[in-house]
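> 3D, please:
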Amino acid sequence: MAEAYAQRAVSAAQAMNEPLDFTEQSLVTLEAILDRLWRRPEGGDLNETCKLWGSYLGEVVRRRYGGEWSIETYPGKQFATLTLSVNGNKLFPSMKVHRRLTAGEADNVWQFYQMIKARLDTQPGGKVQ
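Okay, the predicted model is just below:
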């Protein structure tokens, strides 16, 4: 399911003239897209928007570091969300996108990815070529 959402994100980005190719660097483009959406909300279903762009964010991580998608309860909350488990770490990319779209620039996804990368690159077996 997450992979299909991520592919839809690629198509949505193309419609915005923003290329996404599942590379780390494409997360800079994702951040620009999310910034545009934050500054000029288009309406629509926020949950679907978060699944779409969150799945893309998670797929970039999964393709680089491996991992498994699941649906789990978000810590401290009572709702289920897409979860990416990578080397014992649980990531909630849709929730990160939700915060980016509701809280703004302080929740930059490129900076978030840099933190994830630093953590995963230092774990045994973490770096995937």
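> isn't R64 up against Q25?
No - R64 is not in contact with Q25 according to C-beta atoms under 8 Å; the separation is 11.6 Å. For glycine as for every other residue, the C-beta is placed from the backbone atoms N, C-alpha and C.
> measure the most centrally placed residue in the chain to Q78 for me?
Nearest to the geometric centre of the chain sits L57, at 2.5 Å (C-alpha atoms, centre = their mean). L57 is 24 Å from Q78, where distance means C-beta to C-beta, to the nearest Å.
> low pLDDT regions in the protein?
Residues of the chain meeting the criterion pLDDT under 70: 124-129.
> so where do the strands sit in this structure?
Shown for the chain, the strands assigned by DSSP state E span residues 68-73, 80-86, 89-91.
> okay, these, which one's buried deepest?
Comparing these by mean neighbour count (mean count of other C-beta atoms under 10 Å), strand 80-86 ranks first with a mean of 19.
> may I see the buried residues of stretch 39-50?
Buried residues in stretch 39-50, counted by 16 or more other C-beta atoms under 10 Å: 49-50.
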